[in-house]
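Student: Give me coordinates for this.
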Amino acid sequence: MTVGTQWFTSADEDEGLIYNITAGLWNDNTRRLLDVDHARDASIMLETALDGLDVPLHPGAECLYREQGMIE
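Tutor: Now for the predicted structure:
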């Protein structure tokens, strides 16, 4: 089972800010919190973060996912 979650922001937000927020969602400390908080949270994975995405990514988030090799 996977958990589907989408975060929304204005396209006008600073690219660096959105990059840092997205990176923060996937850092090791956040991962540890997700793993121990709730059983469903452990299924929130970087590898599936873009599955089912119905809206365009903010350029800052897109940059992070591109660096992770998830976007060409």
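
Student: CA atoms only: put the helix or strand of the chain with the lowest mean pLDDT into CSV for me.
Tutor: Among the helical and strand segments of the chain, the one scoring lowest on mean pLDDT, DSSP states H and E is helix 28-37, with a mean of 80. Written as CSV, here are the backbone C-alpha positions of helix 28-37 (Å, rounded to 0.1, in the frame of the first residue of the first chain):
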residue,chain,number,x,y,z
ASP,A,28,17.3,11.4,6.8
ASN,A,29,15.7,13.0,9.9
THR,A,30,12.3,13.2,8.2
ARG,A,31,12.6,9.7,7.1
ARG,A,32,13.2,8.5,10.7
LEU,A,33,10.1,10.4,11.9
LEU,A,34,8.0,8.9,9.1
ASP,A,35,9.2,5.4,9.9
VAL,A,36,8.2,5.6,13.6
ASP,A,37,5.1,7.8,13.5
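
Student: which residues touch it?
Tutor: Residues outside helix 28-37 that contact it (Cβ atoms under 8 Å, 6 or more residues apart in numbering): 24, 41, 42, 44. For every residue, glycine as well, the C-beta is placed using N, CA and C.

Student: and the helix or strand just after it, which residues are buried?
Tutor: Per DSSP states H and E, the first helix or strand lying C-terminal to helix 28-37 is helix 59-67. Residues 60, 61, 62, 63, 64, 65 are the ones in helix 59-67 that count as buried (16 or more other Cβ atoms under 10 Å).

Student: Around residue 14, how many other residues sit close by?
Tutor: 12 (other Cβ atoms under 10 Å).

Student: Skipping its backbone neighbours, what lies nearest it in space?
Tutor: Once flanking residues are discounted, residue 14 sits nearest to residue 60: 7.4 Å by Cβ to Cβ, 6 or more residues apart in numbering.

Student: if I look at that neighbour, how far off is residue 26?
Tutor: As judged by Cβ to Cβ, to the nearest Å, residue 60 and residue 26 stand 13 Å apart.

Student: likewise residue 14?
Tutor: Where residue 26 is concerned, residue 14 sits at a distance of 19 Å (Cβ to Cβ).

Student: contacting residues for the spatially closest residue to residue 54 that is not a sequence neighbour?
Tutor: Closest residue to residue 54 apart from its sequence neighbours, by Cβ to Cβ, 6+ apart: residue 6 at 7.7 Å. Going by Cβ under 8 Å, 6+ apart, residue 6 touches 53, 54, 55.
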